[in-house]
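Engineer: next come a sequence and a model predicted from it.
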Amino acid sequence: MVKGLQILFFSAIFFITAAFKPTVVYKVSTGSIAFRSDAPLELIKASSDELAGLVDTDRKQFAFRIKMSSFKGFNGLLQKEHFNENYMESEKFPYASFEGKLIEDIDYSKPGSYSVRAKGNFTVHGVAQERIIKVDLVIKDKIITVRSNFTVLLADHNITIPKVVHEKLASEIKVEVRADLATP
């Protein structure tokens, strides 16, 4: 059922236009997201290798998402439980996503390194924020390698930190995205 929802999600993003113009779509073959909360009293790190995503190079559109409950690491099982139940409310908001358009024009047929900006809706905890995120791309052998580092403010997504754990959870989370995309 999850695969069916993913297909429906990505199909909605990349529907065929009336002109039925052929398009080149790259899909995440391997991808991960890691986050880091560096608070005064505690460092929390977790990651997931379940990143899903597509990039339509002709239309300059993209859509990525990650299942919140797929993150592993943390400093223990209780911390993971608090992450999913108290802060992210993963049952109510199971995915974080980023979808939109690439701002710069790139010739994807030419190998090289490129710095682009991705503009779109970044949704976490059910709250969408329009963001522009810098992304580094390396194109080689028909593979697009994506690298990005950015921060997420918990307050921007209505994620509250109780006073009792204020010194153990940073209000600004550092995020690192790594992915290889290929044509199916």
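Structural biologist: Here it is on my side, so go on. On a predicted model such as this, the values are computed, not experimentally measured, just so you know.
Engineer: and residue 134, which of the three is it?
Structural biologist: Using DSSP: H, G, I helix; E, B strand; the rest coil, the three-state assignment for residue 134 comes out as strand.
Engineer: is it true that it touches residue 117?
Structural biologist: Yes: contact criterion Cβ atoms under 8 Å: residue 134 and residue 117 qualify, at 5.9 Å. All C-beta spots, glycine's among them, are computed from the backbone N, C-alpha and C.
Engineer: with just CA atoms, put the host helix or strand of residue 66 into CSV.
Structural biologist: Here residue 66, judged by DSSP states H and E, is contained in strand 61-67. Output in CSV follows, covering the C-alpha atoms of strand 61-67 (Å, rounded to 0.1, in the frame of the first residue of the first chain):
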residue,chain,number,x,y,z
GLN,A,61,10.4,20.0,-11.2
PHE,A,62,11.3,17.9,-8.2
ALA,A,63,9.5,16.0,-5.4
PHE,A,64,11.2,14.3,-2.5
ARG,A,65,9.9,12.8,0.7
ILE,A,66,10.9,10.7,3.7
LYS,A,67,8.9,8.6,6.1
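Engineer: quick one: residue 63 from residue 172, how far?
Structural biologist: Distance, residue 63 to residue 172, by Cβ to Cβ, to the nearest Å: 25 Å.
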